[in-house]
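Novice: take this sequence and fold it.
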Amino acid sequence: MGNSASKATRSFPKRSPAPWAGARTPAPSDVPSPQADVNAAREGVAKASEQRTPDIEKDAGDPDFLRALNRLGPVRVEHGAGIQAAQTQSTQASEINRLFQSRAASEDEASSLKPSPNHLYAASLHELLDAQKSARSKAELEALAKRYNVDYAKMERLARFVNSPSVDERLTVKSVDRNGDEKVTLTAVWAQPRIQPS
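Specialist: As a prediction, this is how the structure comes out:
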């Protein structure tokens, strides 16, 4: 139980230090001696200068970069691209302008006490569609359109695609689960006005 020789020891892999380790602080073995600096100065290799010397030009030249530039070749300028960009910007500006005008008109309409023709709130539209189901003649539909300040033709077109929820009582299904809870399922139907021919 207490003998450490019988226990497995953890061994970590041996690896060399990371290439960036010690990049800022040289190891004591890497520090050049003062004698090496004197020898470099004697060889005439300039480390820094205020003028661009041939050694600095040689050091600044990047052969890979120059090779890549030569491979790309001269720049091709497309003069028509500026016109297309200007047209895109004008299209975007007109779209933004239209959006602001639409919002301003909507705010004006909302603040007005008199409703605009052919514009209804959702609750009013629901009431109109419900009342339309009980109409029996075209005259009743026209009176309904006039009461809600809607064109009769627009109301007819709208009624082809939009309707208020209706339930068919004949299709009601009642079921009771094991716990005695009753569940009622109602089927929605598309109800249209039953207009009688005159």
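Novice: and S137, how close does it get to A86?
Specialist: S137 sits 59 Å away from A86, going by C-beta to C-beta, to the nearest Å. (Glycine included, C-beta is placed from N, CA and C.)
Novice: the two: which has the busier surroundings?
Specialist: S137 (14 against 10; other C-beta atoms under 10 Å).
Novice: go ahead and confirm that one touches Q196.
Specialist: Yes: under the criterion of C-beta atoms under 8 Å, S137 makes contact with Q196 at 6.4 Å.
Novice: just say helix, strand or coil for T9.
Specialist: coil (DSSP: H, G, I helix; E, B strand; the rest coil).
Novice: which residues touch it?
Specialist: Residues in contact with T9 (C-beta atoms under 8 Å, 6 or more residues apart in numbering): none are found.
Novice: phi first, then psi, for the nearest residue to V167 once chain neighbours are set aside.
Specialist: Spatial nearest neighbour of V167, excluding adjacent residues (C-beta to C-beta, 6 or more residues apart in numbering): L186 at 4.7 Å. With angles defined as degrees, to the nearest 10, L186 sits at phi -110, psi 140.
Novice: these two touch, right, L186 and S166?
Specialist: No: L186 lies out of contact with S166 (C-beta under 8 Å); the separation is 10.0 Å.
Novice: average pLDDT across stretch 108-123?
Specialist: Averaged across stretch 108-123, the pLDDT comes to 78.
Novice: any idea how far Q101 is from D108?
Specialist: 11 Å.
Novice: ditto for G61
Specialist: The gap separating G61 from D108 is 68 Å, by C-beta to C-beta.
Novice: with A145 instead?
Specialist: The value you get for A145 to D108, if C-beta to C-beta is used, is 24 Å.
Novice: between the two, which one's more packed in?
Specialist: Taking A145 and D108 together and counting by other C-beta under 10 Å, A145 has the greater number of neighbours (19 against 10).
Novice: contact partners for the more buried one?
Specialist: D151, Y152, M155.
Novice: tabulate the residues you listed (TSV), appending neighbour count, pLDDT and distance to F65.
Specialist: Shown next, in TSV, are the contacts of A145 (neighbours: other C-beta atoms under 10 Å; pLDDT from 0 to 100; distance: C-beta to C-beta, whole Å):
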residue	neighbour count	pLDDT	distance to F65
D151	13	93	71
Y152	14	92	75
M155	19	90	72
